[in-house]
Structures are given as C-alpha cells and as structure tokens.
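here is my input; please provide its structure:
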Amino acid sequence: MHTVAILALDHVVPFDMAAPLEIFGRTRLPDGRRPYRTRVCAPSPQVRTEGFALHVEWGLEALAEADTVIVPGCSERAPAPHPEALRALRAAAAAGTRIASVCVGAFVLAEAGLLDGLRATTHWAAAAELARRYPLVDVQPDVLYVDNGQLLTSAGAAASMDLCLHMIRRDLGSAVAADAARMSVMPLEREGGQAQFIVHEHPPVPQGSTLQPVLDWIEDHLAHEITLKAMANRAGMSERTFSRRFREQTGSTPLQWVLRARARRAQYLLENTDHPVERIAHQAGFGSPTAFRERFRRVVGTTPQSYRTAFQSRPTAPQDRGGVQT
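Numbers count the residues shown, from 1 in each chain. Got it, this is the predicted structure:
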C-alpha cells in the first residue's frame, strides 16, 4: 500500500488538505482494494487552520515512512515554516520520496531548497512573489501543475486535484485514475491545455513616470494599430531610447505591454458581453479572429470560448433544494 503523508503547518488552508484526502481516499483498484493510505502529520499535535483547530495524529516521522508527501498551502498570516518540518522535507527528498505542493505550499518547498534549478508553479497571484523570493526557481505562472519527476507543484487548490489524478495515473494507470475522477465528480483532464485562468496585471510603473501619458494613450487606442514607432513618437523619443526606457520602467517591452493590455480588454468583453469572437477581436485590437484566438491563448493559456464558458457573468436562475434549475 502506498502511503501519502499530508504535512499540515500552522494556518494551513483546509481545502488544500481536503482535496488530496478526497482524491487519494476515493481511489480503488479494479478488485475494490484501496491502493493509498493517507496520513495527516504536523510538527505538533494541534494545528490551527483558517477557521478551526485540527488534532493531528501523526508527527514528522510520518514523512520518513511515506511514499508521497504533499505540502498544502498556508494563509498569509502563517509564520515561517517550522525548521523541523523543513529538515524533514529535505530528508524525505534525499531518500527519494515523491513530494508535491498545493498552491502556495510551493513556498515551503522553495524555502527548503528543494525547487532550486527546477520549474515550479503556484497560484498565479503569488507567482511573482515566489520568483522574487526564490530566484533560483524557474516559476511557471500559467500552468495547472509542473511534474519534475520527484518534485511536483500545483497552482490553486482546485489544480491540486488535477495533480493528484496525474500522480494516480502515473502510479496505477489511466483506468484507475479515470475511476477516481468519476468518484470525485470531475474530469480526468481539464480543458484548456492545463493552463491557469489568469488576470494579467500590468507590471507596476513608477509614480510620476514620463511614460504614463503614453500608457494612457495605448489603453484608449487598443482597437487601432499600435506600432513601436507610434508609441515612440507619442513620447517624443527615438524608438531605441523609448524601448530602453520602457523596459527599464516596466520590465516589459512596449509590444508585450500592448499584447497584455489587449488580452485584458478581451477578458473583460468575454466576461461581460455576448459579443461574438469576431467583434471582440476587433474591439481588443487583435485584427482577425484567427490572430485573436492564437494570441489570446498564448497570453491567457486557453481559448476565448473556454474562457467565456468558465467566467462569463450570468444571472443566477432560481433553484430548488436539489439544485435543479426551474
């Protein structure tokens, strides 16, 4: 039997723990046997979560006995990871144990030094901070999970379910993983190229930046062609000087900035209007629908239609107690 140890640290997010417990706990082999045994462990017998206290039966010694260790995320109020927990994670990694993180649990793995030189992901809203704190980690902010073999990381809590199914499929094959997915009422693989749905914020611009008038002009003219030459002329600079100063002040090239601004405009229109893709392509400045689909997928990580299906605002219809619309 394969033992899965879930490491609970103070201010652990309950759903980050519940998702792996649900997926592995529901997994069955064709003959009905349970292939996984789950254990929640912690540095101390009682752990605070966001909302209640949790009595934990297993200590850190469970990490040494586990085949897989899962590190859930903790809230922003959580203290620094317990030194003993970090040592136990390093020892488990040295012994060849498979270790995975949920959401911002990637920060714990990074603090333990386990992600240095590896690709990793976390919730998109925390990706920039993970990259800033741990520059040796190759942060991938736009995927659901990253599998490095022994070390795996997932995005938000829901993405951890995708990661758990991926591990089950790796361990026991697609048929067992598909059955586990059905028991948890979710697809074996989510549509969208295993990409997070990201709201793409612009990089911050220094207060009082001389570029601000140009950036405002860009936002007002997204439906029109915007060239490097036009932006440089607007700023009263040569193209070379403008490009250099733009990157210095924003960390982005001018054309990358325009692409992200157009993606944000398209996200808003997909969420809040019923405009066809052809119209949104024009309104956001992508030109043809084909170019829109290709560039939107490159920036956001999924197709415009998949994004709309997931996020379009709709009036909530009355429901009876069984959840069936009336």
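
what about the helices in the stretch 1-150 of the chain?
14-26, 61-65, 83-94, 106-111, 124-133 (DSSP state H, counting those that start in this stretch).

adding mean pLDDT, write those helices out as a markdown table.
Shown next, in a markdown table, are the helices of the stretch 1-150 of the chain (pLDDT from 0 to 100):
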| stretch | mean pLDDT |
| --- | --- |
| helix 14-26 | 85 |
| helix 61-65 | 91 |
| helix 83-94 | 93 |
| helix 106-111 | 94 |
| helix 124-133 | 89 |
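
reformat those helices as TSV; add distance to residue 39 and mean neighbour count.
C-betas here are computed from N, CA, C, even on glycine. TSV is the format used below for those (distance: least, CB to CB, whole Å; neighbours: other CB atoms under 10 Å):
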stretch	distance to residue 39	mean neighbour count
helix 14-26	10	21
helix 61-65	5	17
helix 83-94	13	17
helix 106-111	18	25
helix 124-133	27	17
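
how about these in JSON lines, adding distance to residue 217?
As requested, the helices of the stretch 1-150 of the chain are exported to JSON lines (distance: least, CB to CB, whole Å):
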{"stretch": "helix 14-26", "distance to residue 217": "43"}
{"stretch": "helix 61-65", "distance to residue 217": "55"}
{"stretch": "helix 83-94", "distance to residue 217": "49"}
{"stretch": "helix 106-111", "distance to residue 217": "38"}
{"stretch": "helix 124-133", "distance to residue 217": "26"}
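
of the ones you listed, which approaches residue 183 most closely?
For residue 183, the closest of the helices of the stretch 1-150 of the chain is helix 14-26, at 4.2 Å, according to CB to CB.

name the helices or strands packed onto that closest one?
Here helix 14-26 touches strand 2-7, strand 36-41, helix 157-172, helix 174-183, going by 3 or more CB pairs under 8 Å, 6 or more residues apart in numbering; DSSP states H and E.

tabulate these (a markdown table), appending distance to residue 74, mean pLDDT and mean neighbour count.
Below are these laid out as a markdown table (distance: least, CB to CB, whole Å; pLDDT from 0 to 100; neighbours: other CB atoms under 10 Å):
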| stretch | distance to residue 74 | mean pLDDT | mean neighbour count |
| --- | --- | --- | --- |
| strand 2-7 | 10 | 92 | 24 |
| strand 36-41 | 14 | 93 | 20 |
| helix 157-172 | 12 | 85 | 22 |
| helix 174-183 | 26 | 81 | 17 |
